[in-house]
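[1] Quick one: sequence plus predicted model below, questions after.
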Amino acid sequence: MSARIAVYPGSFDPIHHGHLDIIARCRPLFDRVVVAVLGNEEKAPMFTVAERVGMIHELLRGDGFCRVESFSGLLVDFMDRVGAATIVRGLRAVSDFEYEFQMALMNRRLNPRVETVFMMPKEDFSYLSSRLVKEVFRLGGNLEGLVPPPVLARMAARLGEERATR
Ligand code: PNS
């Protein structure tokens, strides 16, 4: 039987506990998950793609279940390159649904072999997004328990760099 490989795509700028919760939920369902970091999408990301891949790699290091890669272009083409047929996406609230529904159907149209599976993160993380994480961090809010400490450390360093160059 061929390995059940899932791709978990996203911007991950930066990765937070909501993302890690979804990855943990993939373990009983798949043989491997490829965390796929989209390159060059946001105009002013906090972290470069290489930095995001590096941080995720550091968090999941030594874990044979997860692989981290970056991709550009169509997600379905990346899926073919890594031999995966399942896209995993987190659904936090009904508000996520419309966008996710459109993407899932477009991806299936582009490649009928591809299915999208939605997973709900732990309730504690259902309001969490990378956008809010960056906003709260820049305004000095406490993100303990929502963002892994190594990521918080990188964010602090980046904020320091940004303020020094202003
Ligand atoms: O974390 P995000 O930003 O919500 O992730 C969005 C992502 C990366 C899943 C989506 O933008 C994507 O798949 N982009 C790759 C380009 C592509 O395939 N576009 C067509 C999607 S139907």
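    Arrived safely.

[2] residues contacting residue 39?
    Residue 39 sits next to 49, 70, 71, 72 when contact means Cβ atoms under 8 Å, 6 or more residues apart in numbering. Where you see a C-beta, it was placed from the backbone N, CA and C, and this is true even at glycine.

[3] Could I get those residues in a markdown table, plus columns for distance to residue 142?
    Formatted as a markdown table, those follow (distance: Cβ to Cβ, whole Å):
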| residue | distance to residue 142 |
| --- | --- |
| 49 | 28 |
| 70 | 30 |
| 71 | 33 |
| 72 | 35 |
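
[4] Reformat those residues as TSV; add distance to residue 35, pLDDT and neighbour count.
    Below are the contacts of residue 39 laid out as TSV (distance: Cβ to Cβ, whole Å; pLDDT from 0 to 100; neighbours: other Cβ atoms under 10 Å):
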residue	distance to residue 35	pLDDT	neighbour count
49	12	96	19
70	10	97	17
71	11	97	19
72	15	96	12
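
[5] From those, which land in strands?
    With DSSP state E as the criterion, strands contain 70, 71 from among the contacts of residue 39.

[6] Please go through the contacts of residue 39 and note which also touch the ligand.
    Residues of the contacts of residue 39 in contact with the ligand (Cβ under 6 Å from any ligand atom): none.
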